[in-house]
Each structure stands twice: as C-alpha cells, then as structure tokens.
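**Q** Have a look at this prediction, sequence included:
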Amino acid sequence: MKSKQVLFIFLVSVLFLLKVSDASASPQGLLIVTTFPNVADEIKQIACEGDVVISIAPYGVDPHSYQLTPENIELLSKADVIISTAHAPFEISIGEMVRNKELKGALIEIPKLEEIKILINPSTGKPNYHMPIYDPHNYKAFIKRVANTLATLNPKCYQTYMEKAEKILQEVRGITSNASFTNLVAVADSPPTQYAVAWLGIKIKYLLIKEHGVSATPSDLLKIEEAISKGEVKLAVILSPTSQAVSKKLEALAKKYGIPILYVPAPFSRGTIPEKLKVIIAQLKKIQFQTPSRTQRQVVNTLASANLAFQASLLTFTLYLMLISLKFVRKTRSPLLTKLERLVMSALLVESALLAYFTNTTWFLVMASAAVAYGALSAVIAARRLFFLAGASAHSALLAAVIAIPLTETLGLGSQQLWSIIVGILLTYTVGYMINRGIKSDIATAVFVSATASISVLAIYYVLTNYSLESVIWAIIVGYPLLA
C-alpha cells in the first residue's frame, strides 16, 4: 500500500514538471509599459497575441504632477519595453533608472528619436516636448521604431508587428493626403496644440499657456486680443474638452471677434492619433467651407470699395461743381458766398479724411504726400522756368524705384529708398544734360518719357521674375498711368 502511494506521488510530480516545462517552452509575449495611457492605445494597435501593454499613469491625471509608486517601479522592473515621452518629471526618473541599469527594459524616449522633428514653442522660444507624435509625420516615425523594436525582441511575431504597423501607416498616409494646407496664423490655448495643427500649415503665433504652470500675462492677453481684432490672427485652436479657464477665455475672444475655432482632442484623452487627426480635419473642412476664401473676400471687398468709391466720386464732383460755381459768382464779393466757399472746401477735406479711414489710410497718405510734393515742385518749376522737369520727374519715379531693388540686393549697401532717390536724380539729370547740349526741351522730354516707359516695363518684369516680390497691377497703373 505504501509503495502505491509513493508511486502515485512520483507520477504526479513528473506530470507537474512536464507541465511546467511545456509552459516555459511555450512562446511568451512582451510586457510593454508606457508612461501614459494614450501612448498605450497606440501600442495596442501593433501588439502581437500574448503581448501585454500597460500604462503607468491612468487617464485623467495631470502628467506633470504624477509620481511613481512602488507598484509602478515593480512593473517597470519586469518590462521588456518602456515607452516614454521623456518630458514629465516621473519620466525623467525612469530614464535615469534605465541608464543606471536599475531597469532592464529597452527604453524608447519619443523626443530623442532621430526621426522625430521637435518644434519651437512660439511663446518661450524653447523646444516644445508636449506630445510630438501628434504630428502625423512624427507619428509614422514612432510607429516604425516601435514595430522594429518589438520585432527584434520577439522575432516570432515579426510579421504581425510589421503588417499591423504598415496598416497604421497607410491609414495615416490617407489622412494626410486628404488634408488641405491652410497657411493660417492662429492663437492657441496650450503647447500640445502645436503638433496637432502645424503640419496643416497653421502657424501658432500666440499661446495663452506658454508652458505648464506659466500663463500669459495681462499685457500678453491685450496683445493677443489686439492681434485678433486687427485680423492678424485668423483661427483659434483650443484643446477639447475646454476645462481650463484660459481655454474658455480664448473661446470667448474668438466668438467676440468672429474668428473660427478649431477644437483639438486633448493628446491625453482616449483614442489613437489617427482618430484624433480625423476629427481635426473634419472640423477644418467645415471651417474652410463656412469661411469665405481669400479670393471671395477680395471680390466682396473690391465690390464694396468700388461702390464706396463711386459714391465718393459723385459727392466729390458735386462739391467741386459747387466750388466752381461759387468762384464764378464771387464777383459780387458777398460775405455769404465766401462762407459757403469755405464750407464746401471744409466738406471736401472731411470727405477725404473719411474716405481714407473707410478704405485705405496708407494709400490716402501716399497720394496726399505725392500731391503735396508735386504741388511744391510745380512752384519751383514755374519760378525757375524748368518746365522739362514737369514731365521728366514724374516718369523717372517708377523706374528709379524698380531699379533700386536689384541695386540694393546686389550691392548690399544702403536701402531701396536711398537708391531710388539717387537713381531718380541721375535720370532727371540726363534730361537736363541733353537740353544743355542743345537738344530742344520738348524733344529731350519726349525721348526721356518714351524711354523710361519702355525700360520700366522691362525692369518690372525682371524684378518680379528674379526676386521674391509681389506687385499689384492697379498700384503700378496709379503710379504710372502711361503703363496702363
């Protein structure tokens, strides 16, 4: 009986050992530990059967204030792969433990990957380390690196990792190919938004939260509001959900001045980066559909300006007609007529000022300055009987301004304004020199006008095709009627 019991125990022990042996010989998955849960969501897309993906920090915690627990450290000690954004204080501690060989897992620190492009925070001028994989190009580099690392550590799942990674990459390529480049200047509530929108051509110029714990000052807020009110900022970018007070402040500013709002899913919220990018693009398409294009705005503004110009011209013509009539009947020397004349002249000045305010103040000032300059020049020409200057000076102005551009760029000396003055004086001097040599003033002026008109066309074409400048045809026509 006793021998049977011994035999039974022996058989059970053998079976147990065989089972343990089989279990140890079976393929084991990888333990992948991420610092944040949203990163864990990304890794689960690639993971092979048997892999375990765990996040240290849970959803809803402030990543900057989270501290490692003993359970976290024990988990990290068992990890085969550790994936970190290398930004929060507890992540820096993990990096130090790995470098001190306190942890054996392979460490992937996202900002330190060679393929990752780090943007500059527009408010601090320092690198922005807030979730760089929100940029789809960085995200693709991250997915490739993770897939290669997992495949190296677990070769039996090589094909699975690569196929799943390629599927994700194809999805991201589809997202980026369907997105449209916007070229907008924006204001955002916090740094993580930068990576979410920069690849779309949205340049974040202002931030209400410059860095964690560093909010914009009252003077910064005034500057931001001024930029929005003047039309410098075309878009507000806000993390969703809008739980922070500054986010609601920006939301209120955007609604006050009528600029569109782009809500960016928070990087630490649930969901993968491709899912969040789709949300952003869908919103952006709606914004672009609702917001008039640049061409449409130009057409509307042109029509409005044309209507205003017509009404102003009609009013100006009426006032001038009244002024001429008063001049004609002023022979009576009536004090009433003198007062009416002054009143009409005052009305013309007020109308000019209002027209400048409602259209383009700069254009008005330029034209007024030109009128004053040529008015003063006319008196000099009449007094000195230099009548050829009346034709030569006006036609040399545009050519001098155009020639000054390549001269300044080539020589690297002086400014365009200085060279314009020098070239303008030399051009005008040539007419005087021809007259001094015995050529009739009418002939010299006619030759000069025709020559400068032709050379101006060639010079404008040369400058516009060889230098990064833009020109409005209407401005050239106003400045030089002969080119019309």
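**A** Alright, I've got the coordinates.

**Q** Which element, helix or strand, includes the residue most central in space within the chain?
**A** Nearest to the geometric centre of the chain sits K203, at 2.2 Å (C-alpha atoms, centre = their mean). If you go by DSSP states H and E, K203 is part of strand 202-207.

**Q** In a helix, K210, correct?
**A** No: the assignment for K210, made by DSSP: H, G, I helix; E, B strand; the rest coil, is strand rather than a helix.

**Q** Pull the contacting residues for the residue nearest to the centre of the chain.
**A** 183-186 (C-beta atoms under 8 Å, 6 or more residues apart in numbering). C-beta coordinates here come from the backbone N, C-alpha and C atoms, glycine included.

**Q** again, only using 6 Å
**A** V185 (C-beta atoms under 6 Å, 6 or more residues apart in numbering).

**Q** On the pLDDT front, check it for me.
**A** Note for K203: predicted pLDDT of 89.

**Q** What of L239?
**A** Listed pLDDT for L239 reads 87.

**Q** Look at it and give its secondary structure.
**A** Under three-state DSSP, L239 comes out as strand.

**Q** Against G201, how distant is the closest residue to it other than its chain neighbours?
**A** For L239, ignoring the flanking residues on the chain, the nearest one in space by C-beta to C-beta, 6 or more residues apart in numbering is A266 at 4.8 Å. According to C-beta to C-beta, to the nearest Å, A266 stands 22 Å off from G201.

**Q** where in the stretch 201-350 of the chain is pLDDT low?
**A** Scanning the stretch 201-350 of the chain for pLDDT under 70 picks out 213, 243, 288-317, 319-320, 323-324, 326-338.

**Q** so where do the helices sit in it?
**A** 218-229, 245-257, 273-290, 294-328, 335-358 (DSSP state H, counting those that start in this stretch).

**Q** so how far is the second one from its chain's centroid?
**A** Going back to what we said before, that points to helix 245-257. Taking C-alpha atoms, centre = their mean, to the nearest Å, the mean C-alpha location of helix 245-257 is offset from the chain mean by 20 Å.

**Q** helices or strands next to that helix in the packing?
**A** Contact partners of helix 245-257 among helices and strands, from 3 or more C-beta pairs under 6 Å, 6 or more residues apart in numbering; DSSP states H and E: helix 218-229, strand 235-240.

**Q** related to what we said a few turns ago, what about A266 and G201, which has more around it?
**A** A266 (20 against 12; other C-beta atoms under 10 Å).

**Q** Other residues contacting stretch 157-176?
**A** So stretch 157-176 is in contact with 45-46, 48, 136, 140, 143, 147, 150-151, 274, 277, going by C-beta under 6 Å, 6+ apart.

**Q** rewinding a little: and the helices and strands packed on helix 245-257, which is most packed in?
**A** Across the helices and strands packed on helix 245-257, averaging neighbours per residue (mean count of other C-beta atoms under 10 Å) puts strand 235-240 on top, at a mean of 23.
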